[in-house]
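Asks: predicted coordinates and the sequence they were generated for:
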Amino acid sequence: SNAGKSLLAAGLCRIFRQDGRRAVPFKSQNMALNSHITPDGLEMGRAQALQAEAAGLAPDVRMNPILLKPTGDTGSEVILLGRPQGQMSARAYFARKRSLLPEVLAAYRSLAADTAADLMVLEGAGSPAEINLKADDIVNMGMARAVGAPVLLVADIDRGGVFAQLYGTVMLLEPEERAHVKGLVINKFRGDPGLLGDGVRRIEQLTGIPVVGVVPFMPLDLDDEDSLSDRLTARAVGDLDLAVLRLPRLTNYTDFTALPRRAGVTVRYPASPRELGAPDLIFLPGSENPLADLRWLRESGMEAALLRHVAAGGPVIGVSGGYQLLGKTLRDAAGTPHRGLCLLPVDSTLSGERAEGETSAVLGDLPGLFAPLSGCLLCGYRLMNGTTETPSPALTFEGGAAEGCCRDNVLGLPLHGLFEEGPLADRLLQLLAARKGLTPGDAPSLTGAAYRAQQLDLLADTLRRHLDLGAIRRIVEEGV
């Protein structure tokens, strides 16, 4: 995990597209809490949505037929072809996994046919040498063998021990699996390539597999899907310091990644009161398991820190599940009530996820600190557990439904993706800058889509310089 497979797959999709070939991304099984919602309200891994964008294609749930969203240490919500299938323990899912292979292969084949793909770019998950899980593998070598795909093995040199990673992985593969591995990639290299010495030649001799690239560490600004993202450990504090509470089951923290593109704005993800400090705004983000995260807020001391921030007049915005946490009660699926943070007069019933594609709403006349946001257009998507009722809705949707809630310096919004496009980010940052007597930084000159296109082109340019694309094209043509 976090070796760089997702970005390398996205970069290859971009390169093939630039070279006039229709490449289609695919990952049979993904485990991530950052997801993408398609226009028809179906859910898939964000990495495959980014790879689709790199390839010039619309995201399609068949690109990621199985999405696992961890709800605890031993269980996940299972999303199959975009639709929730309920919670499963790890043991229950592994018992069922092999039976899902026909559905995975059907999705793969229909996707390839419907897109008239020249080639499919498959991403694995974690390590292909997890020998305790290989018997029922449907995403790594099991998938490669099922469709006859050649494999590039990617290792992260930034963690150290890169040659042991490569050699150990290759040696733990069965001979028939090893026959699929046609190239090795050393990723996230920093410094002078000469420091590798004869390591590349030696690993090629030891494994019998060529190294087809040494890729440098790339400081790109593209959405992450992984809980290991460097974003989550950033400590920098700018003129405007925005804090997103790092809930253990935080979902779609990509909601906030567009904000630091503005000069002087930083976004941190504190996981303790000590790390929280005194931010200009606290975001309470979405949660895959609101009740577990509510317990964590209390046990970690973050609830007390949040309440002190509010009492001192500090602004708080809850997004989706974070909005529900701000309310008076959260009822679980059995109807049992649990006390929320009691910062907003709302009550939620957690009865299963509701997803909805892109939608728009307008904020009403807001009271208190957030009054300057009144009348602002919101653009986002819904991915929220159950329903939330409020006596005084803060926003009205295009179709007339009213939701959300605002009281003094606390605002709850039911949508994700609110700061990517539209005026909300600018209006909010202007409000915060005015509170500190600052002049807000200029809005980004590029739209979100244009900015991602720029970053994807930079990714492709870097890979062209550091991968042996001639060798990779031969690998594609020759197969296994």
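Replies: Sure, I can see it.

Asks: CA only for contacts and neighbour counts going forward, please
Replies: Will do.

Asks: contacting residues for residue 126?
Replies: Counting by Cα atoms under 8 Å, 6 or more residues apart in numbering, residue 126 makes contact with 1, 2.

Asks: next, give phi and psi for it.
Replies: phi 60, psi -130 (degrees, to the nearest 10).

Asks: do you know how far it is from residue 422?
Replies: 36 Å (Cα to Cα, to the nearest Å).

Asks: what bits of the protein have low per-residue confidence?
Replies: Residues of the chain that meet the criterion pLDDT under 70 lie in 224-233, 441-445.

Asks: what's the next secondary structure element after the longest helix anywhere in the chain?
Replies: The single longest helix within the chain, with elements called by DSSP state H, is helix 448-466. For helix 448-466, the following helix or strand on the C-terminal side (DSSP states H and E) is helix 469-478.

Asks: CA atoms of that following helix as CSV?
Replies: Output of helix 469-478 as CSV, limited to C-alpha atoms (Å, rounded to 0.1, in the frame of the first residue of the first chain):
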residue,chain,number,x,y,z
LEU,A,469,8.5,3.1,-22.4
GLY,A,470,10.0,1.0,-25.3
ALA,A,471,10.3,-1.9,-22.9
ILE,A,472,6.8,-1.4,-21.5
ARG,A,473,5.3,-1.3,-25.0
ARG,A,474,7.1,-4.5,-25.8
ILE,A,475,5.7,-6.1,-22.6
VAL,A,476,2.2,-5.0,-23.6
GLU,A,477,2.6,-6.4,-27.1
GLU,A,478,4.2,-9.7,-26.1
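
Asks: rewinding a little: between helix 469-478 and the longest helix of the chain, find me the angle.
Replies: Relative orientation of helix 448-466 and helix 469-478, computed by axes from the mean of the first three to the mean of the last three Cα atoms, to 10 degrees: 100 degrees.

Asks: direction included, what does the longest strand along the chain pair up with?
Replies: For the chain, the strand that runs over the most residues, judged by DSSP state E, is strand 347-363. Here strand 347-363 is paired, per DSSP bridges, with strand 329-331 (parallel), strand 377-389 (antiparallel), strand 393-397 (antiparallel).

Asks: which of the ones you listed sits most buried?
Replies: strand 329-331 (a mean of 23; mean count of other Cα atoms under 10 Å).

Asks: so which elements touch whichever helix or strand comes after that strand?
Replies: Going down the chain from strand 329-331, the next helix or strand is strand 337-339, by DSSP H and E. The criterion is 3 or more Cα pairs under 8 Å, 6 or more residues apart in numbering; DSSP states H and E, and the helices and strands that strand 337-339 contacts are strand 329-331.

Asks: what lies in contact with the strand it packs on?
Replies: 291, 324, 337, 338, 339, 340, 342, 346, 347, 348, 349, 350.

Asks: the third one: how many residues sit nearby?
Replies: Residue 337 has 15 neighbouring residues, counting by other Cα atoms under 10 Å.

Asks: before we move on, what about the second one?
Replies: Residues near residue 324, counting by other Cα under 10 Å, number 35.

Asks: what's the answer for the fifth one, then?
Replies: Taking other Cα under 10 Å as the criterion, the count of residues near residue 339 is 15.

Asks: just say helix, strand or coil for residue 222.
Replies: coil (DSSP: H, G, I helix; E, B strand; the rest coil).

Asks: OK, contacts around residue 274?
Replies: Contacts of residue 274 by Cα under 8 Å, 6+ apart: none found.

Asks: looking at the strands paired with strand 347-363, which is closest to residue 131?
Replies: Nearest of the strands paired with strand 347-363 to residue 131, taken as Cα to Cα: strand 377-389 at 35.0 Å.

Asks: give me the contacts around stretch 245-253.
Replies: Residues contacting stretch 245-253 (Cα under 8 Å, 6+ apart): 33-35, 70-72, 232, 269-271, 282-290, 293, 296-297, 416.

Asks: so which of those are in strands?
Replies: Reading strands off the contacts of stretch 245-253 with DSSP E, I get 35, 70, 282, 283, 284, 286, 287.

Asks: ok, back up a step: what residues of the longest helix of the chain count as buried?
Replies: 451, 452, 453, 455, 456, 457, 459, 460, 462, 463, 464 (16 or more other Cα atoms under 10 Å).

Asks: pretty sure the second one sits against residue 220.
Replies: To tie it back to what came earlier, the one meant is residue 452. No: contact criterion Cα atoms under 8 Å: residue 452 and residue 220 do not qualify, at 9.8 Å.

Asks: skipping adjacent residues, who's closest to residue 468 in space?
Replies: Residue nearest to residue 468 in three dimensions, not counting chain neighbours: residue 212, with 5.2 Å by Cα to Cα, 6 or more residues apart in numbering.

Asks: three-state assignment of the one you found?
Replies: Residue 212 is classified as strand under three-state DSSP.

Asks: please name the residues that touch it.
Replies: 183, 184, 185, 467, 468, 469, 471, 472.

Asks: same thing but 10 Å
Replies: 152-153, 182-186, 200, 466-472 (Cα atoms under 10 Å, 6 or more residues apart in numbering).
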